[in-house]
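In: Starting from these lines, generate the structure:
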Amino acid sequence: MARDATEALAQVADQHFDLMLVDIKMPGINGLELVRQVHETCEDLPCIVITGYGTPEHSVEALRAGAYWYLEKPFDQANLDVVRRLVEQAIEHGRLKSENRILHGQLQTKYRFENIIGHSAGLQRVLDVVAKVADSHSTVLVTGESGTGKELVARAIHYNSPRADHLLVTVNCGAIPEALLESELFGHVRGAFTNAITNREGRFALADEGTIFLDEIGDMSPTLQVKLLRVLQDRTFEPVGSSKTQSVNVRVIAATNQNLEEAIREKRFREDLFYRLNVIPIEIPPLRERLDDIPLLAEHFLESANKAHGRECVGFGEGVVECMAGHGWPGNVRELENLVERLVTLSGGKEIGVEDLPDPFRKQQPVDPVSIQIPPGGLSLKDVVDRVEARLIEQALKLTSGNKNRAARLIGMNRTTMLEKMKKKGIEFDRPMDDQYGEDAKPSHLPTP
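Out: Here you go, the predicted model:
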């Protein structure tokens, strides 16, 4: 209830409403002007205008102001039934507008397979599984270190599934306090706890017919794990403070950077919940095991950063990508994205050189000595050196995606010398990029993932 338009505007700014019923004649701002102002900030909020002084002009003006409908007083019992149905229709209309807006915004970002960039064997295995399970309704557990792209995989599954026309609702279980997470997931009824002044729909109800993505599932408390288990088993739950059971048709995708099997042994995670979540396991390899993807990812992030910050950085200079490949990447793809954004922002539009990299990337990493024990019968130093040399050449080729110029520079060897050693040792590589473009040439663009 609000006594006038000023009080109503304050309430709308402070909390969520499903519907506004507003009289026309009020002290100060009238009802039609109130509808106009509300729609400037809450265009999905349906408004029904009511008045005892109805005219055709008022009804047309109300609809032009953005009202869902226009009603004249007084209401007798028969009219009240009409009002009730109109209220239900208006609320449903507002919900659909809001849902459509969210869907439209999500689809604009196109979280589909083509957004997962890379051609490494490890990533291709992940994408193969995603393609196979996307059109099913099975529960999926995505594991991997922080920053590997678990949410990107969850979105790819959703938007390539039959549920793509409905909401994908994301919940970070580690970012919400335990006392609030239950209400966030399942909703609550009015009076369920202090400050619960209205009913609230939970994320599971919001994701009905769609997908819910439970990130950092390993941080969920044992109490909530029991309630989540019931949802997975029966697809039912009760809002906080309610004894009324609600049913949902929702697909669950969970993700964690923790070792849940170890958490089970330490009694921090329920074994039965783990098996309910682990129907389709997808493990994303860390970036240090996807070195072939670094050039593609770096170019993609450079293009994105140029657009986002209005820069015209021309690219990476000689040796930059090699330095990136030699980094351990504890923050994985997210760390690489942040690094490229920083380099582009500070580049001033020029080519990014090795000198622009932070110190940890420019400093040559110490090489551990080869741990070889001389057997009692002795060994051949030449054979050992040949094997170590061959292994280093193979690693350099892998780090540079087969570019022999860059591989030779990476191990401090003349290119001709390295080619002679490769021929002598029988080393082959499937994608000799520099042979295709010439010894000193660089491709004008990277292959499309």
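In: contacting residues for L9?
Out: L34, Q37, V38 (Cβ atoms under 8 Å, 6 or more residues apart in numbering). For the C-beta atoms, the positions are set from N, CA and C on the backbone; glycine is no exception.
In: Now tabulate these in JSON lines and tack on distance to Q15 and neighbour count.
Out: Converted to JSON lines, the contacts of L9 look like this (distance: Cβ to Cβ, whole Å; neighbours: other Cβ atoms under 10 Å):
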{"residue": "L34", "distance to Q15": "17", "neighbour count": "26"}
{"residue": "Q37", "distance to Q15": "17", "neighbour count": "17"}
{"residue": "V38", "distance to Q15": "13", "neighbour count": "23"}
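In: out of those, which are inside helices?
Out: L34, Q37, V38 (DSSP state H).
In: Show the contacting residues for the first one.
Out: In this structure, L34 makes contact with A5, A8, L9, V22, M26, judged by Cβ under 8 Å, 6+ apart.
In: residues contacting E335?
Out: E335 makes contact with G147, L287, W329, according to Cβ under 8 Å, 6+ apart.
In: hang on, isn't the first one packed against V333?
Out: In other words, G147. Yes - judged on Cβ atoms under 8 Å, G147 makes contact with V333 at a distance of 5.7 Å.
In: who touches both of the two?
Out: Residues touching both G147 and V333 (Cβ under 8 Å, 6+ apart): L287.
In: Pick out whichever of these two has more residues nearby.
Out: V333 (24 against 20; other Cβ atoms under 10 Å).
In: my guess is the more buried one contacts E151, does it?
Out: No - contact between V333 and E151 fails when scored by Cβ under 8 Å: they sit 11.2 Å apart.
In: give me the number of residues near N405?
Out: For N405, the count of nearby residues is 20 (other Cβ under 10 Å).
In: Give me the pLDDT value at it.
Out: Looking at N405, its pLDDT is 82.
In: Which helix or which strand is home to it?
Out: helix 404-410 (DSSP states H and E).
In: ok but E184 is inside a strand, no?
Out: No - secondary structure assignment places E184 outside any strand; it is helix (DSSP: H, G, I helix; E, B strand; the rest coil).
In: So the residue lying closest to it once chain neighbours are set aside: helix, strand or coil?
Out: In this structure, E184 finds its nearest non-sequential neighbour in I176, 5.5 Å apart by Cβ to Cβ, 6 or more residues apart in numbering. Under three-state DSSP, I176 falls in the coil class.
In: I176 and R415, how far apart?
Out: 55 Å (Cβ to Cβ, to the nearest Å).
In: Could you list the low-confidence segments of the chain?
Out: Flagging of the chain using pLDDT under 70 yields the residue ranges 53-55, 58, 78, 103-115, 363-372, 430-449.
In: could you pull out the helices for the stretch 301-449 of the chain?
Out: Assigned by DSSP state H, counting those that start in this stretch, the stretch 301-449 of the chain shows helices spanning 320-325, 332-347, 359-362, 381-399, 404-410, 415-425, 433-437.
In: of all those helices, which lies closest to V82?
Out: Closest to V82 of those is helix 332-347 (Cβ to Cβ; 54.5 Å).
In: what's the spacing between that closest one and its chain's center?
Out: Relative to its parent chain, helix 332-347 has a centroid offset of 18 Å by Cα atoms, centre = their mean, to the nearest Å.
In: secondary structure class for the spatially most central residue of the chain?
Out: Geometric centre of the chain, nearest residue: E151, 3.6 Å, by Cα atoms, centre = their mean. When classified by three-state DSSP, E151 comes out as helix.
In: which ones are touching it?
Out: Neighbours of E151 in contact, by Cβ under 8 Å, 6+ apart: T170, F213, D215, A255.
In: For those residues, work out which two are farthest apart.
Out: T170 and A255 (9.9 Å).
In: what sits in contact with each of the two?
Out: Taking Cβ under 8 Å, 6+ apart as the criterion, T170 and A255 both touch E151, A154, F213, D215.
In: So which of those residues are in strands?
Out: With DSSP state E as the criterion, strands contain F213, D215 from among the shared contacts of T170 and A255.
In: Output the shared contacts of T170 and A255 as TSV; include the columns distance to G317.
Out: What follows is those, written out as TSV (distance: Cβ to Cβ, whole Å):
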residue	distance to G317
E151	32
A154	36
F213	39
D215	37
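In: Name the residue in T170 and A255 with the higher neighbour count.
Out: A direct count of neighbours by other Cβ under 10 Å for T170 and A255 places A255 higher, at 26 against 17.
In: From the chain's centroid, how far away is the helix or strand harbouring that one?
Out: Using DSSP H and E, the element containing A255 is strand 251-256. Offset of strand 251-256 from its chain centre (Cα atoms, centre = their mean): 12 Å.
In: Next secondary structure element downstream of it?
Out: helix 260-265.
In: just the strands in the stretch 51-200 of the chain please.
Out: For the stretch 51-200 of the chain, the strands defined by DSSP state E, counting those that start in this stretch occupy 69-72, 140-143, 168-172.
In: closest to D81 out of those strands?
Out: Within the strands of the stretch 51-200 of the chain, the stretch nearest D81 is strand 69-72; the backing value is 12.9 Å (Cβ to Cβ).
In: in stretch 413-422, what counts as buried?
Out: Buried residues in stretch 413-422, counted by 16 or more other Cβ atoms under 10 Å: M413, R415, M418, L419, M422.
In: In this structure, which helix is the longest?
Out: From DSSP H, the single longest helix across the chain is helix 77-108.
In: so who does S304 touch?
Out: With Cβ under 8 Å, 6+ apart, S304 has no contacts at all.
In: Would you quantify the distance from it to N338?
Out: Separation of S304 from N338 (Cβ to Cβ) stands at 12 Å.
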